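Asker: sequence and predicted structure, then a few things I'm wondering about:
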Amino acid sequence: MGEIRVAISGIGGCGSAIVQGIYYYQNAKEDEFVPGLMHVKFGDYHIRDVKFVAAFDVNKEKIGKDLSEAIFAEPCYMAKIIEVPHLGVKVLPAPILDGVAPHMVEEFRCYNPEEMEPVNVAEELKKAKADILVNLIPVGSAEATRIYAEACLEAGCAFINCIPEFIASDETWAKRFEKAGLPIAGDDIKSQLGATILHRTIADLMRARGLIIEETYQLNIGGDSDFLNMTVEERLSSKRISKTEAVTSLIGKEIPTRIGPSDYVPFLGDQKICYIYARGRKFGDRPVRIDLKLSVEDSPNSAGVQIDAIRATKIALDRGVSGALTSISAYSFKHPPIQVPDHVARQWVEEFIEGKRER
């Protein structure tokens, strides 16, 4: 079916991971198992069919560089796993808006708006003939995310929203993309094995085995830019909603809970540590308690999920499917338009690939 022309907004650790991952697995055999991907060949598309054609960032040390270099510029916490060839894609100055919190200006090496002007994102998407824009800007970027969504509508480009701003899961936005004949997927990407997917699994298992869950929490700490950005509580409102609903939607009732980022620990770097606690009752009203610790490298943890979402969205484009993509969104995102258990969502995606499910 040819290539998938992808633009990225936000060239941080996750952006670095997805670009590197495409080249790390570019020669994978179609029947090979690649950790983190549903399939090496997803429908008609191999991993290597993803081509990067545009990139946007606010970091003056990344702007103007080829994307292959910018993915390693500071601050970048993603380990280098492969040498990426020159891509011929220059990183462009992005609109700043609320994408850079006051306490993040120095960390992000943000350009001076008096010395440099942001590009017109819609025009650049058109020039690049981008099929899809993947939104990876910082948590709390409500206005900036909506600017990117508007640019996609103007440019005729599909949108994948990987951060916890509610676009795909908002009926008004979903209808706008449907009217424009464009697919949209989101919101808030799940990791391959992260805090939310593990917490969901625990909650689903307890419910399936007939336990009553009475209270639960999920506390996350890390040392990368993402966690530093989230030290300001005002930037976390949608993140807490997204992560909390991802878990409580499987419990089926309101219970005492606290879910979300908890602290920034600089020396952890790209290591993310999660503590999950759940207390409930089993047969005879006898107590049961779970205390769990998960430690993962944060940046590459969602890269494979994003690559699958990109290919699912391109399939939707090929088929003329528009609006919110419920199957890949339910499987790959914390706050999709429709919440279902993960095994159900995976089956939906398989049916979508086969053409048995419209979206």
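Answerer: Looks like it arrived, so ask away.

Asker: what's around the closest residue to Ala174 other than its chain neighbours, how many residues?
Answerer: Nearest residue to Ala174 in three dimensions, chain neighbours excluded: Ala324, at 4.0 Å (C-beta to C-beta, 6 or more residues apart in numbering). (Each C-beta comes from the backbone N, C-alpha and C, glycine too.) By other C-beta atoms under 10 Å, the residues close to Ala324 number 25.

Asker: flag the shaky bits of this protein, pLDDT-wise.
Answerer: Along the chain, segments meeting pLDDT under 70 span 1.

Asker: now the farthest one out in it, which residue is it?
Answerer: Within the chain, Gly284 marks the point farthest from the mean C-alpha position, 41.7 Å out by C-alpha atoms, centre = their mean.

Asker: on the three-state scheme, it is what?
Answerer: On the three-state scheme (DSSP: H, G, I helix; E, B strand; the rest coil), Gly284 is labelled helix.

Asker: with Ile259 instead?
Answerer: Assignment for Ile259 (three-state DSSP): strand.

Asker: show me the contacts for it.
Answerer: Going by C-beta atoms under 8 Å, 6 or more residues apart in numbering, Ile259 touches 199, 216-218, 240, 243-244, 247.

Asker: let's go with 7 Å and repeat that
Answerer: By C-beta atoms under 7 Å, 6 or more residues apart in numbering, the residues touching Ile259 are 217-218, 240, 243-244, 247.

Asker: same deal with Ile4?
Answerer: Listed by C-beta under 7 Å, 6+ apart, the contact set of Ile4 reads 45, 49-51, 131-132, 310-311, 314.

Asker: distance check, it against Glu83.
Answerer: Taking C-beta to C-beta, to the nearest Å as the measure, Ile4 falls 22 Å from Glu83.

Asker: sorry, back to before: the residue nearest to Ala174 reaches His335, doesn't it?
Answerer: No: counting by C-beta atoms under 7 Å, Ala324 does not reach His335; the two are 11.6 Å apart.

Asker: between the two, what contacts are shared?
Answerer: With contacts defined as C-beta under 7 Å, 6+ apart, no residue is shared by Ala324 and His335.

Asker: what's across from the residue nearest to Ala174 in the sheet?
Answerer: Ile184 (DSSP bridges).

Asker: tell me who's in contact with it.
Answerer: By C-beta under 7 Å, 6+ apart, the contact set of Ala324 is 168, 174, 184, 337.

Asker: among those residues, which lie within helices?
Answerer: Ala174 (DSSP state H).

Asker: contacting residues for the residue lying closest to Gln192 once chain neighbours are set aside?
Answerer: Take Gln192 and drop its neighbours on the chain: the residue closest to it by C-beta to C-beta, 6+ apart is Gly36, 4.5 Å away. Going by C-beta under 7 Å, 6+ apart, Gly36 touches 192, 303-305.

Asker: surely Ser9 meets Ala151?
Answerer: No: at 9.1 Å, Ser9 does not count as touching Ala151 under the criterion of C-beta under 7 Å.

Asker: can you pick out the residue with more neighbours from the two?
Answerer: Taking neighbours as other C-beta under 10 Å, Ser9 and Ala151 compare with Ser9 leading, 28 against 23.

Asker: about what we covered before: could you tell me which of the contacts of Gly36 count as buried?
Answerer: Burial by neighbour count, 16 or more other C-beta atoms under 10 Å: within the contacts of Gly36 this picks out 303-305.

Asker: and the contacts of Ile4, which is closest to Val19?
Answerer: Val50 (9.2 Å; C-beta to C-beta).

Asker: give me phi/psi at that closest one?
Answerer: Backbone torsions for Val50, taken as degrees, to the nearest 10, come to phi -80, psi 120.

Asker: how many neighbours does it have?
Answerer: Here the number of neighbours of Val50 (other C-beta under 10 Å) works out to 25.

Asker: equivalent analysis for Lys253, please.
Answerer: Residues contacting Lys253 under the criterion other C-beta under 10 Å number 7.

Asker: can you confirm it is in a helix?
Answerer: No: counting by three-state DSSP, Lys253 is not part of a helix but coil.

Asker: give me the distance between it and Ser237.
Answerer: Distance of Lys253 to Ser237, computed by C-beta to C-beta: 23 Å.

Asker: and Ala345, by the same measure?
Answerer: Ala345 sits 25 Å away from Ser237, going by C-beta to C-beta.

Asker: other SSEs contacting whatever helix or strand Glu124 lives in?
Answerer: Taking DSSP states H and E as the criterion, Glu124 maps to helix 121-128. Here helix 121-128 touches strand 4-9, strand 50-57, helix 142-155, going by 3 or more C-beta pairs under 7 Å, 6 or more residues apart in numbering; DSSP states H and E.

Asker: identify the residues contacting the last one?
Answerer: Under the criterion C-beta under 7 Å, 6+ apart, residues 9, 95, 97-99, 121-122, 125-126, 133, 135, 137, 158-159, 161, 163, 165, 167, 173, 176-177, 180, 182 lie in contact with helix 142-155.

Asker: that helix: which residues count as buried?
Answerer: Residues 142, 144-145, 147-149, 151-153, 155 are the ones in helix 142-155 that count as buried (16+ other C-beta under 10 Å).

Asker: orientation of it relative to helix 121-128 in degrees?
Answerer: 40 degrees (axes from the mean of the first three to the mean of the last three C-alpha atoms, to 10 degrees).
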